[in-house]
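Visitor: what follows is a predicted protein model with its sequence.
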Amino acid sequence: NAGVTQTPKFQVLKTGQSMTLQCAQDMNHEYMSWYRQDPGMGLRLIHYSVGAGITDQGEVPNGYNVSRSTTEDFPLRLLSAAPSQTSVYFCASTYHINSPLHFGNGTRLTVT
Amino acid sequence: AQKITQTQPGMFVQEKEAVTLDCTYDTSDPSYGLFWYKQPSSGEMIFLIYQGSYDQQNATEGRYSLNFQKARKSANLVISASQLGDSAMYFCAMRAYNQGGKLIFGQGTELSVKP
């Protein structure tokens, strides 16, 4: 049972480049979310999804796109990377809104 | 709008003593859930405890208990008999049920346990 799998673990981008952070879960969870973690800021919600085909914005959505074509996958796209997007990104999922999130191990992204 | 506030950036506690980590929240939704997570230096997020807004009793999980004061909108985490392995970041989080899958986190408290 893999749980929530994020790839890559580390990534370095140049300003203006685009990339996709991958997230997959094998628990048949309907709810999936992307967070970014910056020192002193806690985890801030970027985008979330309550099921395949349904996504919504979180607290800090600008500069990021998501889609949810399957229950298992929830990729996060950076359209044009900026140094302000240097952060640790976590993907998480849960099967019910009053159940705890299962987190991936994170992606450490540096934008130079 | 939902909001979670953790006012203690850092805390120290002596090994084997109890410690309380503060969390206050704000929501207009009468139905919500409160969560605490631990993040050790290795970076993974570990779920500790959950409290529903309609739960009559405070949640407990082993050495963790949640001091839920609904009228004051506070959900403090109490760790009894602290251990060196409890040194970590601790995050309080809330999900209002009319917000769907939107779980919002506080800024975190860094706990250091002294031997």
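Guide: On my side now, so go ahead.

Visitor: strands of the chain, residue ranges please.
Guide: You didn't say which chain, so I picked chain A. Remark: strands assigned in chain A by DSSP state E are A:4-7, A:10-13, A:19-25, A:31-38, A:42-51, A:54-57, A:64-66, A:76-78, A:87-94, A:102-103, A:107-111.

Visitor: my question was about chain B
Guide: Counting by DSSP E, the strands of chain B are B:3-5, B:10-14, B:19-21, B:24-26, B:32-39, B:46-52, B:60-61, B:64-69, B:74-79, B:88-96, B:104-105, B:109-114.

Visitor: returning to that earlier point: how about the strands of chain A, which one is nearest B:T24?
Guide: strand A:42-51 (14.0 Å; CB to CB). Any C-beta I mention is one placed from the backbone N, CA and C, and that applies to glycine too.

Visitor: who does that closest one pair with, and is each partner parallel or antiparallel?
Guide: According to DSSP bridges, strand A:42-51 has the following sheet partners: strand A:31-38 (antiparallel), strand A:54-57 (antiparallel).

Visitor: compare these and report which one is nearest to A:G16.
Guide: strand A:31-38 (19.1 Å).

Visitor: show me where pLDDT drops low in chain B?
Guide: Scanning chain B for pLDDT under 70 picks out B:101.

Visitor: which bits of it sit near chain A?
Guide: For chain B, the contact set with chain A under CB under 8 Å from any CB of the partner chain comprises B:6, B:9, B:33, B:35, B:37, B:43-45, B:47, B:50, B:52, B:91, B:93, B:95, B:97, B:100-108.

Visitor: check contacts around the nearest residue to A:N98 once chain neighbours are set aside.
Guide: In space, and not counting its chain neighbours, A:N98 is closest to B:G33: 4.6 Å by CB to CB, 6 or more residues apart in numbering or on different chains. Residues near B:G33 by CB atoms under 8 Å, 6 or more residues apart in numbering or on different chains: A:I97, A:N98, B:Y50, B:Q51, B:G52, B:S53, B:M94, B:R95, B:Y97.

Visitor: right, I'll call it a day here.
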